[in-house]
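> from the sequence below, what's the structure:
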Amino acid sequence: MESTSATSLAVASHAARVIREWIDDGVYPVGSLLPSQRDLSEQLGISRTSLREALSTLQGLGLVVARPGKGMYVTEAVEAQPSGEVWRFADSHALNDVYQLRYALEGFAARLAALVMQPEDVVTMQTNLRAMQQSIERDDFAQASRLDFDFHLQIATISGNHAIADVLRGSGEVMQESQRLPFYRRGARHATCEEHAAIIDALSQGRPELAQQAMATHIVQAAQRAGVHFPTGL
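Below is the predicted model of the structure:
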């Protein structure tokens, strides 16, 4: 049973990797029609909900395309172009709004955290960064997004602003989804790690203005990788 959101995302991520291997191995060559969702879910031993999430991931990677009334076809593995189709919370939260909220809150949280950062906090964040790098190498974007969320929540917690931390924690599933989408951008999958490293560097130096700027830059660039562009006035 897939009893938690985290478990469901892990199952979907594994299923996406299996289907991708089938495509890479020529089981389903370019132009071919994938089996129905019912057949695929039975082959993989997962629920249709997890399968739909896996197919959404593959769509984001540009490996498959949905043709209304026909099914899911294997296409060329082109650079992903994120769209509303892969944003699971479109009915309740505009992706643009989520990134603007993060931009408004998290830069200030980073500024506050830089004033009280401890050596052990830096070590924890560096450990998180290494784990994220490993997850990206495995194309495990579900795990990478969880680590991404933990990274940002830790900064908000260190900042001492409980309201900001509570907002992030209370919107965890939505935040993680916004953090998952940038990993689809081929050629820039490690950009998040590079930006996190810059944030850690600013925090470890105890430089609040630099930390705030590093965080703001990260969120704007992550949004752009997810297909979202918004004015910041900078």
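
> going by C-alpha atoms from here, please, whenever you check contacts or count neighbours.
Will do.

> would you mind measuring from Glu53 to Ala10?
10 Å (CA to CA, to the nearest Å).

> once you drop chain neighbours, what's closest to the spatially most central residue of the chain?
Nearest residue to the geometric centre of the chain (CA atoms, centre = their mean): Arg180, 1.2 Å. Spatial nearest neighbour of Arg180, chain neighbours left out: Ser145 (4.9 Å); criterion: CA to CA, 6 or more residues apart in numbering.

> tell me the helix or strand right after whichever strand or helix holds that neighbour.
Assigned by DSSP states H and E, Ser145 falls within helix 141-159. Downstream of helix 141-159, the first helix or strand assigned by DSSP H and E is helix 162-170.

> what residues sit buried inside that following helix?
Ile164, Ala165, Val167, Leu168, Arg169 (16 or more other CA atoms under 10 Å).

> can you check what angle separates the helix or strand containing Gln133 from helix 141-159?
According to DSSP H and E, Gln133 maps onto helix 119-137. Relative orientation of helix 119-137 and helix 141-159, computed by axes from the mean of the first three to the mean of the last three CA atoms, to 10 degrees: 160 degrees.

> run through who's touching helix 119-137.
With contacts defined as CA atoms under 8 Å, 6 or more residues apart in numbering, helix 119-137 is touched by 141, 143-144, 147-148, 151, 183, 189-190, 193, 196-197, 200, 203-204.

> circling back to that earlier point, run through who's touching the helix or strand the residue nearest to the centre of the chain falls within.
Secondary structure from DSSP H and E places Arg180 in helix 172-180. Here helix 172-180 makes contact (CA under 8 Å, 6+ apart) with 5, 87-89, 95, 98-99, 141-142, 144-146, 148-149, 168, 222, 226.

> next, the buried residues of the helix ranked longest in the chain.
Longest helix in the chain by number of residues (criterion: DSSP state H): helix 95-116. In terms of neighbour count (16+ other CA under 10 Å), helix 95-116 has its buried residues at 95, 98-100, 102-103, 105-115.

> could I get that helix in PDB with only the CA atoms?
Provided in PDB are the C-alpha atoms of helix 95-116 (Å, rounded to 0.1, in the frame of the first residue of the first chain):
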ATOM      1  CA  LEU A  95       3.100  27.800 -10.200                       C
ATOM      2  CA  ASN A  96       4.000  31.400 -10.700                       C
ATOM      3  CA  ASP A  97       2.400  32.300  -7.400                       C
ATOM      4  CA  VAL A  98       4.300  29.600  -5.500                       C
ATOM      5  CA  TYR A  99       7.700  30.800  -6.800                       C
ATOM      6  CA  GLN A 100       6.800  34.400  -6.000                       C
ATOM      7  CA  LEU A 101       5.900  33.400  -2.500                       C
ATOM      8  CA  ARG A 102       9.200  31.600  -2.100                       C
ATOM      9  CA  TYR A 103      11.100  34.600  -3.500                       C
ATOM     10  CA  ALA A 104       9.400  36.900  -1.000                       C
ATOM     11  CA  LEU A 105      10.000  34.700   2.100                       C
ATOM     12  CA  GLU A 106      13.100  32.700   1.600                       C
ATOM     13  CA  GLY A 107      15.600  35.400   0.700                       C
ATOM     14  CA  PHE A 108      14.800  37.200   4.000                       C
ATOM     15  CA  ALA A 109      15.000  33.800   5.800                       C
ATOM     16  CA  ALA A 110      18.500  33.300   4.300                       C
ATOM     17  CA  ARG A 111      19.500  36.800   5.400                       C
ATOM     18  CA  LEU A 112      18.400  36.100   9.000                       C
ATOM     19  CA  ALA A 113      20.100  32.600   9.000                       C
ATOM     20  CA  ALA A 114      23.400  34.100   8.000                       C
ATOM     21  CA  LEU A 115      23.500  36.100  11.300                       C
ATOM     22  CA  VAL A 116      23.200  33.000  13.500                       C
END
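
> perfect, that will be all.
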